[in-house]
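J.: sequence-free structure coming up:
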């Protein structure tokens with residue numbers, strides 16, 4: 001009989017513990033944590049709404065750019081050379097090229113013209129991005145191509161005037 005009574009108490013004891021925790025109101029710390037979670041979820045919801053508005057704005061602007069192809073093709077492009085301080089600036093509409101030198105020392109910065117001649121036949125007609133530069137295995141030499149008619153030029157940049165030139169490839 002004692003064993004049965006002890007057995008019943010041991011079985012019913014966990015149920016009494018569950019009933020007590022379910023009847024007790026949440027403690028103050030639990031309420032504070034719930035309020036913090038609700039506030040955090042509200043902030044996340046606000047940030048998501050702002051993010052969605054920004055994405056909508058970006059999609060609208062991208063659609064506008066796609067409709068106007070002249071905005072997609074930038075007129076001037078910078079091409080890196082293997083010399084970390086030297087870049088080539090190409091006017092993609094006219095074929096003009098400048099060698100751009102940058103430095104942490106302002107006295108060593110500047111640009112010099114490699115090609116000042118307008119190579120495009122239609123440079124007044126706003127035909128964007130008809131020229132493109134391609135590097136060769138020689139770090140000082142590039143190939144310039146007019147993508148509208150396939151004409152090509154051999155371009156060399158360098159530190160002295162004698163080393164900078166351009167000539168058409170026939």
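T.: Looks like it arrived, so ask away. Values in this document were obtained by computation on a predicted structure and should not be read as measured data.
J.: helix or strand right after the lowest-mean-pLDDT helix or strand in the chain?
T.: The least trusted helix or strand in the chain, going by mean pLDDT, DSSP states H and E, turns out to be helix 69-72, with a mean of 51. Using DSSP states H and E, the helix or strand that follows helix 69-72 in sequence is strand 76-80.
J.: ok, and what's touching that next one?
T.: For strand 76-80, the external contacting residues (CB atoms under 8 Å, 6 or more residues apart in numbering) are 87, 88, 89, 90, 91, 92, 100, 133, 135, 142. Quick note: C-beta positions are derived from backbone N, CA and C, even for glycine.
J.: number of nearby residues for the first one?
T.: Pointing back at residue 87 there. Residues lying near residue 87 (other CB atoms under 10 Å) number 19.
J.: the helix or strand containing it - contacts with which helices or strands?
T.: Element membership of residue 87, judged by DSSP H and E, is strand 86-91. Identification of packing neighbours for strand 86-91 by 3 or more CB pairs under 8 Å, 6 or more residues apart in numbering; DSSP states H and E yields strand 76-80, strand 97-101, strand 131-135.
J.: now with 6 Å, please.
T.: On a contact count with 3 or more CB pairs under 6 Å, 6 or more residues apart in numbering; DSSP states H and E, strand 86-91 meets strand 76-80, strand 97-101.
J.: just those: most buried one?
T.: strand 97-101 (a mean of 20; mean count of other CB atoms under 10 Å).
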